[in-house]
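Asks: Take a look and give me a structure for this.
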Amino acid sequence: MIGMLKGRVEALGADELVLDVHGVGYLVGAGARTLARLEPGQDIVLQIETHVREDAFKLFGFIDDIERAWFVHLQNIQGVGAKAAFAILDTVPVSEIANAAALGDKSTFARAKGVGPKLAARITTELKDKAPPTGRSFSIGLPVHGGAEDVAASSQASRSMDSVAREDALSALTNLGYNESAARQAVAAALRDLGDEAPLGDVIRLSLKELAP
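Replies: Numbering: from 1, shown residues only. Take a look at the predicted model:
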């Protein structure tokens, strides 16, 4: 499998590019948002998602790994293939996807080309109670925040529901770009109102309301 390519943009197409890596031209599918940031002759590092089928071997490229992670995450939903995932990512910034899902805003997804009302509703429902994906940079087993208390908590075999909800909601909010300190306060307030066993989606939604200006 190919996870990353570093090379020079040889050519750009409507939905793909050719990346020259030491004289080998890789044909890489990409969304309009990514292609708009590239130009021929540009040196670039692309995060790659490899799809292997019986009749095809396809590479999909992304400048930011979190976009690649969302590309994969969206395709876990029935009816969302690569084309629809790209359409969503081209229409909705990754910083807004989890927010829209948590708030049940299906109209955000319906703006994407080829995503009808029924599919938009399904996307919203299925993403609602799931934590946003994280890029590969968070997959090496190191604590995200690195504090001594976080390390101790993560090493416990069994954690309380309050701890699980708190950490997952905090991760979701910081991935959306919120300040960690403010996010912690918002999550704490949400858990006080909802209780320790509240669904993650409800905790994130109430936390976002707490953080709203």
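Asks: what's in contact with stretch 203-213?
Replies: Contact partners of stretch 203-213, identified using CB atoms under 8 Å, 6 or more residues apart in numbering, comprise 98-99, 102-104, 165, 169, 172-173, 178, 182-183, 185-187, 189-191, 193-194. In this view, the C-beta of every residue, glycine as well, is placed from N, C-alpha and C.
Asks: Can I get it in PDB? Just the C-alpha atoms.
Replies: These are the backbone C-alpha positions of stretch 203-213, laid out as PDB (Å, rounded to 0.1, in the frame of the first residue of the first chain):
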ATOM      1  CA  VAL A 203     -22.100  15.800  24.700                       C
ATOM      2  CA  ILE A 204     -20.400  17.300  21.600                       C
ATOM      3  CA  ARG A 205     -23.600  19.200  20.500                       C
ATOM      4  CA  LEU A 206     -24.100  20.800  24.000                       C
ATOM      5  CA  SER A 207     -20.300  21.500  24.200                       C
ATOM      6  CA  LEU A 208     -20.500  23.400  20.900                       C
ATOM      7  CA  LYS A 209     -23.400  25.400  22.200                       C
ATOM      8  CA  GLU A 210     -21.300  26.300  25.300                       C
ATOM      9  CA  LEU A 211     -18.500  27.400  23.000                       C
ATOM     10  CA  ALA A 212     -20.700  29.500  20.700                       C
ATOM     11  CA  PRO A 213     -20.000  33.200  21.000                       C
END
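Asks: Low-confidence bits of this structure, can you list those?
Replies: Low-confidence regions of the chain, defined by pLDDT under 70, span residues 137-165, 196, 213.
Asks: Could you rerun that using 80?
Replies: Along the chain, segments meeting pLDDT under 80 span 1, 53-56, 129-131, 134-178, 180-181, 184, 188, 191-192, 195-201, 213.
Asks: Which residue lies nearest the spatial centre of it?
Replies: The residue lying closest to the centre of the chain (CA atoms, centre = their mean) is Trp70, at 3.2 Å.
Asks: Validate this expectation: that residue resides in a strand.
Replies: No: Trp70 sits outside any strand when classified using DSSP: H, G, I helix; E, B strand; the rest coil, being helix.
Asks: For Asp193, give me its contacts.
Replies: Residues in contact with Asp193 (CB under 8 Å, 6+ apart) are Leu206.
Asks: give me that answer again for 10 Å
Replies: Shown in contact with Asp193 (CB atoms under 10 Å, 6 or more residues apart in numbering): Asp202, Val203, Leu206, Glu210.
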